[in-house]
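> Whatever this is, show me its structure:
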Amino acid sequence: MGMGVWFAARFEKEESIPMFKAAFNNMSELASNMDFEPFGSRPMDPRDGIGNEVFWAPIAPPFYDMLPDYRKTGVASQPGEVEEIDEFLKTQEQESGIPMLWSFPALSYDQQDAIGDHENGFHVTDSVAEMKAQILLNLRCNAKLDIQKSYPYDRTCCTDYGQKSFIQIILVTLGILYAGGAAITEIIALRSSEAPKWAIFNLDVATFVTGLLACYWADRTQSFAKGSKEYNMFDFNLMSALCFIVGFAFMTKSKPPPPRPGAAPAAAPATLDDAKPLSRDQTDEWKGWMQALILVYHWTGASRDLNIYVGIRLLVAAYLFQTGFGHGVFFSSKKDFSFKRVAAVLLRLNLLSCALPFFMNTDYMFYYFAPLVSFWFLIIYALFAIGQKYNDNTWALMGKIAVSAAICPGAMLWTPVLQWVFDALNMVFRIGWDLHEWQFRLGLDGLIVYVGIIMGVASVRTKLYNKILTQSYGLAGVAGILSIPLYWWVAVSSAETKQDYTALHPVFSFIPIMGFIAARNMFPAARTWYSRTFAWIGRCSLETFTLQFHILLAADTKGLLLLDIFKGDGSLLCDRWRSLIIIVPVFLWISSRVADATGGMVKLLTKDWAAQEQEEQYDVEAKADAEPLMSGNMLSGFTRHMPSKSSWANNLKLRMLGLFVLLWTLNLFY
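You can find the predicted model right below:
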């Protein structure tokens, strides 16, 4: 119900205020007799959402100096008249029991362009009127829409996110109980060193579960506010600059790697005077600053800007280059093609993105980066594992890489192979993934992975790789520096839309990436100095990319996570910076802890329990020789009942099969 326009426009100020107050009191009394429950106190109906509600709608004062002369005198609106009505409404909001829509006048306060009829002074433009309607429709309809349609839950308010599945409720409840039990166990252990720790509670598992619960709390409840993305080039530039200022503030020199286990300790310098190109510190830093820019890109909604889009597409390609480079180096040097290696890598990449869908009612492909790097790991593994006896022959290995690069992208994009795979997954596992979205992701960066593999092999097999980057008197670095803006200029000038650029990107994206590598390694100081801040983010970049969907962003990436304790105009400098300085550190800390916990869980799941038990048995037997209270016969009888190496608990393949069956079962009944 509108409040005050009719009185302000038709009566003198001395009459309009008392008459409005009397009318308001009459309406409030009538509303109180209808026994309305306080807004927000009634639980949402599983079918109807919040149900029907009544609201008062205050008005914004007109721009008095823009009114025609005949509207400035007599019974027309007088300066201060509407303001006094609004002040009265503010004092009555609690007593009336009916909420005020203060968002309505906020849409036109101090905004002359929002007024569509300056002769009247109150009528707003069609776009503002539509926004007012959207506010009410969001309030009334969002919950009903979420009941009818599952994720992405791109509506940012007034919903309980639809009906939860039984499996989702059970998992969230068990997660809360497990995390709470682990916390209590740790507290007891800290208070008393003699208190036994329950083996069922593992701190890594509890930390991992806490990360899942944090996502649920942030993006599947109304505990936090959600806002819409408002793209502004200044905001993107400012946030990017702040990221680099913080990153460059904590520069340090690389240290020598620790000695291998069992090796004799040798005197080594505290820091390095030179380092090889693409060292671990350097690649971690590279991942870190790229991840920081990707977070800013997603938070600001900058995908509509072609210049920024080109840069972000190159960052994603650089991640996949590192995927090819890292696995290429490992398989060329370590030659470890064991099942344990495959299981460890796939678990490390996928534990979080496989667990989140069950807590958040999304799907695995929604967190697309983990599936993407997992796919390419399997391709690289197959490339090196098949015909591995030829890997020592560099030309034969290059031939295998060329064949894979020629066949794999084509088979995935231009044959029905993927369609058959997705149909089989849907039929057997009830997995409904988006084939076209997956083909788009594969096609964008298919070739850069093979460039990374070749570079990885070259770094292990040839000296020319290091000579070009480190002994070319900086010429390679200068060429690299020039190649980046040149590529950018050509890409932006030759592509009018994002679709135009995506046609060019797969073939030419290696140019600026190779240019950056050359520039980053052009002299010894550049190779040895790195940012600790960016390296720290880089070590948990997979978790920051995945968790941002629900903790930094919100509404399944369609909105932003905000703190409801702050009110403002929705801009970065005048409002949202306050939420950011609280949410960002918490988000990064959770990402780092979940990354560490995931690594611990991978070790737990792939551990050789039989070998550990054998070591513990020898240790106990040694102690038994010194302690006559425990005879050797008693010990042998005890250890005879321990799980043997042939038991299912010590068979890694059976453990992975059990985990796979568990996920399949949960998916079938979800």
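> okay, CA-based contacts and neighbour counts for the rest of this
Fine.
> buried residues in stretch 514-527?
Neighbour counts over stretch 514-527 (16 or more other CA atoms under 10 Å) mark 514-524, 526-527 as buried.
> Report the mean confidence score over that stretch.
Stretch 514-527 shows an average pLDDT of 92 in the prediction.
> Just the terminal-to-terminal distance for that stretch.
One end of stretch 514-527 sits 15 Å from the other (CA to CA, to the nearest Å).
> Contacts for it next, please.
With contacts defined as CA atoms under 8 Å, 6 or more residues apart in numbering, stretch 514-527 is touched by 273-278, 282, 469-470, 473-484.
> Go again with 6 Å.
Stretch 514-527 has contacts (CA atoms under 6 Å, 6 or more residues apart in numbering) with 274-275, 277, 469, 474, 476-477, 480-481, 483.
> ok, those residues vs residue 236, which is closest?
residue 481 (23.0 Å; CA to CA).
> Could you pull up the contacting residues of the closest one?
Here residue 481 is in contact with residue 519 (criterion: CA under 6 Å, 6+ apart).
> what do you get if the cut-off is 7 Å, keeping everything else the same?
515-516, 519 (CA atoms under 7 Å, 6 or more residues apart in numbering).
> farthest pair in the buried residues of stretch 514-527?
Largest pairwise distance in the buried residues of stretch 514-527, by CA to CA, is 18.0 Å, between 514 and 524.
> State the mean pLDDT of the helix or strand where residue 297 lies.
For residue 297, the element it lies in under DSSP states H and E is helix 280-300. Averaging pLDDT along helix 280-300 yields 97.
> quick thing: my sequence starts at 51, can you match it?
Got it, first residue is 51 now, which makes that one helix 330-350.
> what ranges do the strands span in this protein?
Assignment of strands within the chain using DSSP state E yields the ranges 275-278, 301-303, 579-581, 603-604, 609-612.
> so which of these gets nearest residue 704?
That would be strand 603-604 among the strands of the chain, by CA to CA, at 37.7 Å.
> Domain parsing of the chain, as residue ranges.
Per automatic domain parsing, the domain ranges recorded for the chain read 55-198, 253-308+319-656, 659-719.
> Now the longest helix anywhere in the chain: buried residues?
Determined from DSSP state H, the single longest helix within the chain is helix 627-656. By neighbour count on 16+ other CA under 10 Å, the buried set for helix 627-656 is 628-630, 633, 637-638, 640-652, 655-656.
> for stretch 487-501, same thing?
For stretch 487-501, by 16+ other CA under 10 Å, it's 488, 492-501.
> follow-up on the earlier one: can you redo the strands of the chain as a markdown table with mean neighbour count?
Listed next are these as a markdown table, based on neighbours: other CA atoms under 10 Å:
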| stretch | mean neighbour count |
| --- | --- |
| strand 275-278 | 21 |
| strand 301-303 | 16 |
| strand 579-581 | 22 |
| strand 603-604 | 26 |
| strand 609-612 | 26 |
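> out of those strands, nearest to residue 263?
Per CA to CA, nearest to residue 263 of the strands of the chain: strand 603-604, 14.4 Å.
> Which elements pack onto that closest one?
strand 609-612 (3 or more CA pairs under 7 Å, 6 or more residues apart in numbering; DSSP states H and E).
> For stretch 209-223, list every residue counted as buried.
Buried residues in stretch 209-223, counted by 16+ other CA under 10 Å: 209-212, 217-218, 222.
> Next, the distance between the ends of that stretch.
End to end - CA to CA - stretch 209-223 spans 21 Å.
> And for residue 378, the neighbour number?
The tally of other residues near residue 378 (other CA atoms under 10 Å) stands at 27.
> meant to ask about residue 706, not that
Residues near residue 706, counting by other CA under 10 Å, number 15.
> and what of residue 700?
Close neighbours of residue 700, defined as other CA under 10 Å, add up to 18.
> my read: it touches residue 657, true?
No: if you go by CA atoms under 7 Å, residue 700 and residue 657 don't touch, sitting 8.4 Å apart.
> If we ignore the residues flanking it in sequence, what's nearest residue 229?
Take residue 229 and drop its neighbours on the chain: the residue closest to it by CA to CA, 6 or more residues apart in numbering is residue 256, 4.9 Å away.
> Quick one: residues contacting the residue nearest to the spatial centre of the chain.
For the chain, the residue nearest the mean C-alpha position is residue 598 (2.2 Å; CA atoms, centre = their mean). By CA under 7 Å, 6+ apart, residue 598 lies in contact with nothing.
> What residues of stretch 155-166 count as buried?
Using 16+ other CA under 10 Å as the test for burial, stretch 155-166 gives 155, 157-158, 164-166.
> tell me the mean pLDDT for it?
Taken as a whole, stretch 155-166 has a mean pLDDT of 78.
> Please state the offset of that stretch from the chain centre?
Relative to the chain's own centre, stretch 155-166 is displaced by 36 Å; criterion: CA atoms, centre = their mean, to the nearest Å.
> Please put the alpha-carbon coordinates of it into PDB.
The C-alpha trace of stretch 155-166 is given here as PDB (Å, rounded to 0.1, in the frame of the first residue of the first chain):
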ATOM      1  CA  PRO A 155      12.100   5.400  -2.200                       C
ATOM      2  CA  ALA A 156      15.800   4.400  -2.200                       C
ATOM      3  CA  LEU A 157      15.600   3.800  -5.900                       C
ATOM      4  CA  SER A 158      15.000   7.400  -6.700                       C
ATOM      5  CA  TYR A 159      16.600   9.400  -3.800                       C
ATOM      6  CA  ASP A 160      19.000  12.000  -5.200                       C
ATOM      7  CA  GLN A 161      18.600  10.500  -8.700                       C
ATOM      8  CA  GLN A 162      16.800  12.900 -11.000                       C
ATOM      9  CA  ASP A 163      17.000  10.400 -14.000                       C
ATOM     10  CA  ALA A 164      14.800   8.000 -12.000                       C
ATOM     11  CA  ILE A 165      11.800  10.400 -12.200                       C
ATOM     12  CA  GLY A 166       9.800   9.900 -15.400                       C
END
